[in-house]
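*Asks:* Here is a sequence with its predicted model. Questions after.
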Amino acid sequence: MVGAKLAKNIVSAYSTGSFGKFLKGTLIGFLVFCLFSPNFPVPSVLGQNSVQFSDIFSSWAQPEILKLAQAGIVSGYPDGTFRPQAPVTRAEFARMVVSSFASPSESPPSFKDVPQDFWASRFISGAQLMGWITGFPDGTFRPQEPVTRAQALAVLARIGGWKEEAWTYPIPSSSWALGFVAAALSKGIIRESDPYWDGTNNFADFPCQRQEIAAFLERTLEQLRPSLLSQVEVQGETATTILGEKEEYLLSLINSEREKAGLNQLRWDSTLAEFAREYAEEMGTNGFFSHVSPISGSFQERAKVLFEKGFIFVGENIARIANTSSYPYQSILSSIHNSFMNSPTHRDNILNPNWNLVGIGIWTDGNWLYLEVCFGSR
């Protein structure tokens, strides 16, 4: 992402799964999506799932590897290993960054060595359309070559909108990505405490290991998040509620997924809609984002009113996204829907065969948008 005119956005989502009034306990899943992109792509996920690999206990990047694995951004091998020191191909890296920050594209990439039926074609095309990758002067992408640290850091700098910075260390370097490496160091994406760091930029042109990519990606998310979340405190003075065609559009996306899965279509329910709208507005006007409200309590507590009205099972997905005023609502809602579908917990809510009713609430102040999808059956 390059240039001051491009907005940064964040999509976040949680899901409680579902629960019924006759159950002694509740099934609660917790996932957080974070995305930074001007075009509302698929977010990355940081979650609470249980993921382990047999060979990362001595890796310096073990925490970052686990976070991205839980999010579904990186994965291991059938033998239960992650192979933290193995190189990452340029195609694999394209998949990782697009899974983290963008949407795969159906358009074929323009690189002459990436056919449309190549397994990573959609990810490479998505990264190319975002302006994050440019390929080589001969028109190739070289998808099977290892991605270098310099190449990876340059892509992440473009995603973050970080300008190249001056190299201040005493040993000069001739790396083409010197300014990007300096920016990554300034932003904390690479650190002097990392084992590959040698006080020079000479490390930049070596192949990037899987554990290094995991650290770079996770730190990029952590670096971008605070500046975006700080906006929450100043929003909400001129709020309006979005109704009608926007909710119907999102419902059509949900029912399309259910149709593909051979499930019943969800019918609009005014009680669930009122419940969802009230909570979306409560989050937006009070500047919080959680299933647990400081005002009305947990989802279990809030849902008692639905059980009193005859619902047997209920569930919710919630989302928020920033900088919405410059984009059509279809793009915004498609992005949120895609983030739900790329999380097993949220996807399970959308594709739960027990649901037959749904209500959607959307609140916005013209910049931040908060959304709840409330599912139910009775």
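*Replies:* Here it is on my side, so go on. Residues are numbered from 1 along each chain as shown.
*Asks:* can you tell me the average pLDDT over the longest helix seen in the chain?
*Replies:* With secondary structure taken from DSSP state H, the chain has its longest helix at helix 210-229. Averaging pLDDT along helix 210-229 yields 74.
*Asks:* which helices and strands does that helix pack with?
*Replies:* strand 31-34, strand 44-47, helix 62-71, helix 90-101, helix 149-160 (3 or more C-beta pairs under 8 Å, 6 or more residues apart in numbering; DSSP states H and E). Yep, even glycine has a C-beta here, placed from its N, CA and C like the rest.
*Asks:* repeat that for 7 Å
*Replies:* Under the contact definition 3 or more C-beta pairs under 7 Å, 6 or more residues apart in numbering; DSSP states H and E, helix 210-229 sits against helix 62-71, helix 90-101, helix 149-160.
*Asks:* now the angle between helix 90-101 and the first one, please.
*Replies:* With axes from the mean of the first three to the mean of the last three C-alpha atoms, to 10 degrees as the criterion, the two stretches helix 62-71 and helix 90-101 enclose an angle of 80 degrees.
*Asks:* now the helices for this structure?
*Replies:* 62-71, 90-101, 121-129, 149-160, 178-187, 210-229, 245-260, 270-286, 299-302, 304-308, 329-341, 344-350.
*Asks:* Now do the buried residues in stretch 299-309.
*Replies:* 299-300, 302-303, 306-307 (16 or more other C-beta atoms under 10 Å).
*Asks:* wait, I meant stretch 119-127
*Replies:* Those would be 120-127, for stretch 119-127 by 16+ other C-beta under 10 Å.
*Asks:* Out of these, which two sit at the greatest distance?
*Replies:* 121 and 127 (11.1 Å; C-beta to C-beta).
*Asks:* Just name the closest of the buried residues of stretch 299-309 to residue 165, please.
*Replies:* Using C-beta to C-beta, the buried residues of stretch 299-309 come closest to residue 165 at residue 299, 44.6 Å.
*Asks:* Run a quick check on that closest one versus residue 290, I expect a contact.
*Replies:* No - under the criterion of C-beta atoms under 7 Å, residue 299 makes no contact with residue 290, lying 9.6 Å away.
*Asks:* Isn't residue 281 up against residue 365?
*Replies:* No - counting by C-beta under 7 Å, residue 365 is not a contact partner of residue 281; they are 10.3 Å apart.
*Asks:* Run through this structure and note the low-pLDDT ranges.
*Replies:* For the chain, the stretches flagged by pLDDT under 70 are 1-52, 70-71, 170-174, 200-201, 224-244, 323-326.
*Asks:* ok, now with 50
*Replies:* 1-50, 225-243 (pLDDT under 50).
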